[in-house]
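okay, predicted coordinates and the sequence, questions at the end:
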Amino acid sequence: MVRSPLTAVSASQVQAILPPQLPEYWDYRNGPILTRCNATSLPDGIYSVMASELCKTISVARLEKHKNLFLNYRNLHHFPLELLKDEGLQYLERLYMKRNSLTTLPENLAQKLPNLVELYLHSNNIVVVPEAIGSLVKLQCLDLSDNALEIVCPEIGRLRALRHLRLANNQLQFLPPDLGRSRELQYVYVDNNINLKGLPSYLYNKVIGCSGCGAPIQVSEVKLLSFSSGPRTVFLPAEVKAIGTEHDHVLPLQELAMRSLYHTYHSFLKDLNFLSPISLPRSLLELLHCPLGHCHRCSEPMFTIVYPKLFPLRETPMAGLHQGRTTVSFVAYCCSTQCLQTFDLLS
């Protein structure tokens, strides 16, 4: 008999077809569920049972307007389409999807789940977080620990309600320039990202976990811009295309033009089509809408060049908290030689 997607399946039916050696976990809302496992170990029919249970759980959450949804240990390789159907789950505030096998998130996540306050994606295989994450305007807690992240999109800096961010146990080499600019952000955990050597200075005075960071990087494997201060070398976010120094007293013409356009049309930038009469490539128009970051000294937007400055963590009052377990430095991204020379993290 072929089950309909919404057919109820009892716990005893699930247990009856599970192989005895398969680990079982208990979700207090949804009953017995499965952890990640080898597809070849599953008997015929198990996937239809899992799909039926998943559809039922999401359908009930939609019908009853649940605020919390638990989809942990579901062996999910793709974000469930049921969550994105029609208007999505407009009432959902907390989504738990820990210990699955997700590799990415949908671009329309914010559109379908606009009221998310907490998103838990611990222990998946996520490599890239889409730009659309920046549209989750109510998000306060984001857990991306134990994934395969190499970069974090700069749009994450637009999460002005974000309070807790967990990025531990990934493969990060840098963090966006604007991360930490929000006054709401309180906790950032980046422990055990061994190639991460620089933290944006906006994170100074936040509660930071960064043990196990700052190991040497093999230069031959890295294609990012870097700068050095004494024995310390820090790699910059991939979107940074040029580095200024204290000797570069004149800004590049393209940067001057972008800043001038930004200040002239700032109030209209929500609609990029408004700027279409300007003879700029679409890529530059999009950059105009979302700068590389903002100066850590004066908040001036930066588009094609940054002026970085290092402050080793061991030379700050936070050194005692990490007891020498990290060689990470804070990095200030300034907009000009003047800001570079006058910015002091510790003053």
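Structure's in. What do you need?

tell me which element the most centrally placed residue in the chain falls in.
Nearest residue to the geometric centre of the chain (CA atoms, centre = their mean): residue 152, 4.8 Å. Assessed by DSSP states H and E, residue 152 sits outside every helix and strand.

shouldn't it be in contact with residue 129?
Yes. Shown here, residue 152 and residue 129 form a contact pair, counting by CB atoms under 8 Å, at 6.2 Å. Yep, even glycine has a C-beta here, placed from its N, CA and C like the rest.

quick one, what contacts the residue nearest to the centre of the chain?
129, 167, 172, 175-176, 179 (CB atoms under 8 Å, 6 or more residues apart in numbering).

go again with 6 Å.
Neighbouring residues of residue 152 by CB atoms under 6 Å, 6 or more residues apart in numbering: residue 176.

could you check how far it is from residue 64?
Residue 152 sits 34 Å away from residue 64 when distances are taken as CB to CB, to the nearest Å.

now do residue 90
Relative to residue 64, and taking CB to CB, residue 90 is found at 13 Å.

neighbour count: the two, which is higher?
residue 90 (12 against 9; other CB atoms under 10 Å).

and that one, how far from residue 196?
Computed as CB to CB, the residue 90 to residue 196 distance reads 36 Å.

what of residue 137?
Going from residue 137 to residue 196 by CB to CB gives 27 Å.

so between these two, which is more surrounded?
In terms of neighbours (other CB under 10 Å), residue 196 is the more surrounded of residue 137 and residue 196; the figures are 26 against 14.

so residue 62: helix, strand or coil?
helix (DSSP: H, G, I helix; E, B strand; the rest coil).

so what's it closest to, chain neighbours aside?
residue 89 (5.7 Å; CB to CB, 6 or more residues apart in numbering).

just want the phi and psi numbers for that neighbour.
phi -110, psi 90 (degrees, to the nearest 10).

count the neighbours of it for me.
24.

from residue 64, how far off is it?
Residue 89 sits at a distance of 11 Å from residue 64 (criterion: CB to CB).

please apply the same query to residue 99.
25 Å.

ok, which stretches of the stretch 51-200 of the chain are strands?
Along the stretch 51-200 of the chain, counting by DSSP state E, counting those that start in this stretch, strands occupy 68-70, 94-96, 118-120, 141-143, 164-166, 187-189, 198-200.

what lines up beside the fifth one in the sheet?
So that's strand 164-166. Strand 164-166 pairs in its sheet with strand 141-143 (parallel), strand 187-189 (parallel), by DSSP bridges.

before we move on, what about the third one?
Neighbouring strands of strand 118-120 in its sheet, by DSSP bridges, are strand 94-96 (parallel), strand 141-143 (parallel).

outside of that strand, which residues touch it?
Contacts for strand 118-120 (CB under 6 Å, 6+ apart): 94-96, 98, 141-143.

10 Å - rerun?
Outside of strand 118-120, the residues within contact range by CB atoms under 10 Å, 6 or more residues apart in numbering are 68, 70-72, 93-98, 105, 109, 113, 133, 136, 138-145, 163-164, 166.

what about burial for those residues, which qualify?
Listed as buried from these are 70-72, 93-98, 105, 109, 113, 133, 136, 138-145, 163-164, 166; burial here means 16 or more other CB atoms under 10 Å.

from residue 224, how far off is the closest residue to residue 99 other than its chain neighbours?
Leaving aside its chain neighbours, residue 99 sits nearest to residue 123 (4.5 Å; criterion: CB to CB, 6+ apart). Using CB to CB, residue 123 is found at 27 Å from residue 224.

who has more neighbours, the two?
residue 123 (21 against 14).

OK, contacts around that one?
Taking CB under 10 Å, 6+ apart, we find residue 123 in contact with 36, 72-73, 97-102, 143-147, 169.

low-confidence ranges, the protein, go.
Along the chain, segments meeting pLDDT under 70 span 1-50, 215-223, 267-280, 323-325.

could you redo the last one with a cut-off of 50?
1-11, 13-41, 219-221 (pLDDT under 50).

quick one: the helices in it?
11-17, 46-63, 109-112, 253-265, 282-289, 319-322, 337-342 (DSSP state H).

which neighbouring elements make contact with the last one?
Secondary-structure packing of helix 337-342 (3 or more CB pairs under 10 Å, 6 or more residues apart in numbering; DSSP states H and E): strand 307-312, strand 329-334.

report the buried residues of it.
Here helix 337-342 shows 337, 339-340 as buried, counting by 16+ other CB under 10 Å.

name the nearest residue to residue 72, ignoring sequence neighbours.
residue 98 (4.5 Å).

what sits against that neighbour?
So residue 98 contacts 70-74, 120-124, 143, 145-146 (CB under 10 Å, 6+ apart).

list the buried residues for stretch 177-185?
In stretch 177-185, counting by 16+ other CB under 10 Å, buried: 177-182, 185.

can I get the CA coordinates of it in PDB?
What follows is stretch 177-185, C-alpha atoms only, in PDB (Å, rounded to 0.1, in the frame of the first residue of the first chain):
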ATOM      1  CA  PRO A 177      34.300  43.700   8.100                       C
ATOM      2  CA  ASP A 178      30.900  44.800   9.600                       C
ATOM      3  CA  LEU A 179      30.300  41.900  11.900                       C
ATOM      4  CA  GLY A 180      29.700  43.200  15.400                       C
ATOM      5  CA  ARG A 181      28.600  46.600  14.300                       C
ATOM      6  CA  SER A 182      25.200  46.000  15.800                       C
ATOM      7  CA  ARG A 183      24.900  47.200  19.400                       C
ATOM      8  CA  GLU A 184      22.600  44.200  20.100                       C
ATOM      9  CA  LEU A 185      25.300  41.600  19.400                       C
END
